[in-house]
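Engineer: generate coordinates for the sequence data below:
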Amino acid sequence: MKRPELLRENAGRLKTRVGACFPGSRAVFRGHDLHADLKDMDWVELYVFGITGRRFTPEQLRLMHALWTYTSYPDARLWNNRVAALAGTARSTGNLGIAAALAVSESSVYGRGVDVRVGDFLRRTWQKLEAGGELADCVHDELKTYRGIAGYGRPLASGDERIVPVMTLAGELGLDNGPHVRLAFAVEQFLLTGRWRWKMNYAALAAALIADVGLSTREYYLYSFPAFLAGMQPCFVEASQRPEGTLFPTSCADILYEGPQKRRWQAAIDSTTAKPTVDHLWNLQSSTPQLNTAPHSEARHGYQTQHPLSPVPGQADQPGRAHL
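Structural biologist: I've put the predicted structure just below:
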């Protein structure tokens with residue numbers, strides 16, 4: 001079907017299978033009455049049902065709850081929480097601040113980008129092993145392609161404090177021995193015995209657990225979206241309660257500046273009349289007005305600008321031409 005025909009077919013109507021609102025009557029959520037059929041669902045259960053259209057066991061849902069809970073750190077030094085906290089100290093609104101913090105959570109190093117890559121790696125590797133491949137070949141191919149493996153290694157620390165409590169809970173729920181979980185630990189063992197010495201971090205374990213629950217990589221990405229949310233709100237609230245602008249202030253003395261050195265400002269104002277001096281505004285050698293500019297450095301911030309009232313050193317005056 002050509003695009004104009006496709007557009008005409010969808011003009012003025014909504015085709016959907018996920019639900020609709022009938023004001024004054026009911027709300028339909030994936031074919032079910034939200035206020036009757038789904039009224040006893042908790043929020044996470046409804047959330048993943050909305051993403052996948054599938055139901056999950058109480059044990060699986062308990063694990064999904066925990067994966068969010070165990071990574072909700074109210075630390076404003078974390079990259080995404082910092083955005084929420086800075087919004088609070090700038091007196092922005094909560095919605096704007098938290099939305100911005102969630103947006104930067106898609107970081108390719110720490111956030112959702114890692115979730116997608118490690119989930120994809122574990123699924124691809126498992127399929128290759130099922131087809132008779134070797135783990136060493138899979139790991140080497142990944143390292144050759146990406147120069148690293150998402151979910152393994154961690155900045156600032158060699159281990160991850162979330163691994164033990166998550167695996168303890170998964171064991172209690174009978175969800176600690178799925179094929180992707182076993183694979184994740186096998187990859188860690190391979191990397192530890194090799195020259196890399198990389199331990200598994202939370203991203204790899206969470207992706208493995210969720211893969212064994214049955215979510216696809218895209219479904220896992222959408223499920224993980226609010227994972228940091230509970231730690232953001234406290235950062236925003238606390239920063240809002242403190243004096244405005246006092247979160248992470250930076251002294252000028254702490255800035256390493258390597259640009260032009262400070263130069264003496266050539267005043268363009270007559271101190272006796274408080275008016276611009278004619279010599280700075282006009283080229284008196286010509287009957288045509290000529291505006292001169294010269295570089296001026298704002299050393300504190302690394303900005304280089306041109307001040308319109310300063311003469312240009314060494315530049316020949318040309319009648320009728322403004323130096324802009």
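
Engineer: for the residue nearest to the spatial centre of the chain, give me its contacts.
Structural biologist: For the chain, the residue nearest the mean C-alpha position is Val104 (2.2 Å; Cα atoms, centre = their mean). Val104 sits next to 79-80, 83, 111 when contact means Cβ atoms under 8 Å, 6 or more residues apart in numbering. To be clear about C-beta, it is placed using only N, CA and C from the backbone, and glycine gets the same treatment.

Engineer: restricted to helices, list these.
Structural biologist: 79-80, 83 (DSSP state H).

Engineer: of those, select the buried ones using a PyMOL command.
Structural biologist: Buried subset of these, written as a PyMOL selection, criterion 16 or more other Cβ atoms under 10 Å:
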select buried, resi 80+83
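
Engineer: which one of the ones in helices among the contacts of Val104 is nearest Gly174?
Structural biologist: The nearest member of the ones in helices among the contacts of Val104 to Gly174, counting by Cβ to Cβ, is Asn80 at 32.8 Å.

Engineer: state the distance from the residue nearest to the centre of the chain to Met41.
Structural biologist: Using Cβ to Cβ, to the nearest Å, Val104 is found at 30 Å from Met41.

Engineer: okay, the residue nearest to the centre of the chain: pLDDT?
Structural biologist: With respect to pLDDT, Val104 has a value of 94.

Engineer: and the one 4 residues further on, by the same measure?
Structural biologist: What the model reports for Ser108 is a pLDDT of 81.

Engineer: mind listing the strands in the protein by residue range?
Structural biologist: Applying DSSP state E to the chain gives strands spanning 19-22, 26-29, 32-33, 269-270, 275-276, 294-298, 303-307.

Engineer: direction included, what does the third one pair against?
Structural biologist: Here strand 32-33 has these sheet partners by DSSP bridges: strand 26-29 (antiparallel).

Engineer: contact partners of the strand it pairs with?
Structural biologist: With Cβ under 8 Å, 6+ apart as the criterion, strand 26-29 contacts 18-22, 33-36, 38, 46, 49-50.

Engineer: which among these count as buried?
Structural biologist: 34, 38, 49.

Engineer: any idea how far Thr52 is from the closest residue to Val181 other than its chain neighbours?
Structural biologist: Distances taken as Cβ to Cβ, 6 or more residues apart in numbering place Ala208 nearest to Val181, at 4.6 Å, with adjacent residues excluded. Using Cβ to Cβ, Ala208 is found at 18 Å from Thr52.

Engineer: now Asp141
Structural biologist: In terms of Cβ to Cβ, Asp141 sits 30 Å off from Thr52.

Engineer: okay, these two: which has more neighbours?
Structural biologist: Between Asp141 and Thr52, counted using other Cβ atoms under 10 Å, the more crowded position is Thr52 (17 against 14).

Engineer: how about the more buried one, what does it touch?
Structural biologist: When contacts are taken as Cβ under 8 Å, 6+ apart, Thr52 is in contact with 215, 219.

Engineer: quick one: pLDDT of it?
Structural biologist: 97.

Engineer: got it, and Ser287?
Structural biologist: 43.

Engineer: cool, the one 10 residues further on as well?
Structural biologist: Reading off the per-residue confidence, Ser297 sits at a pLDDT of 40.

Engineer: now do Gln266
Structural biologist: On the pLDDT scale, Gln266 gets 73.

Engineer: how close does it get to Tyr257?
Structural biologist: With Cβ to Cβ as the criterion, Gln266 and Tyr257 are 22 Å apart.

Engineer: circling back: burial measure for the residue nearest to Val181, as a count.
Structural biologist: Neighbours of Ala208 using other Cβ under 10 Å come to 27.

Engineer: isn't it right next to Leu183, touching?
Structural biologist: Yes: taking contacts as Cβ atoms under 8 Å, Ala208 lies within contact range of Leu183: 6.8 Å.

Engineer: need the overlap of contacts for those two.
Structural biologist: Leu122.

Engineer: so which of the contacts of Val104 is the closest to Pro4?
Structural biologist: Using Cβ to Cβ, the contacts of Val104 come closest to Pro4 at Gly111, 39.7 Å.

Engineer: hang on, that closest one packs against Ala103?
Structural biologist: No: in this structure Gly111 lies outside contact range of Ala103 using Cβ under 8 Å: 10.0 Å.

Engineer: between these two, which is the more surrounded one?
Structural biologist: For the pair Gly111 and Ala103, the greater number of neighbours falls to Gly111 (20 against 11), based on other Cβ under 10 Å.

Engineer: which residues touch the more buried one?
Structural biologist: Contacts of Gly111 by Cβ under 8 Å, 6+ apart are 80, 104-105, 228.

Engineer: next, format these as JSON lines and append distance to Arg147.
Structural biologist: As requested, the contacts of Gly111 are exported to JSON lines (distance: Cβ to Cβ, whole Å):
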{"residue": "Asn80", "distance to Arg147": "25"}
{"residue": "Val104", "distance to Arg147": "24"}
{"residue": "Ser105", "distance to Arg147": "24"}
{"residue": "Phe228", "distance to Arg147": "26"}
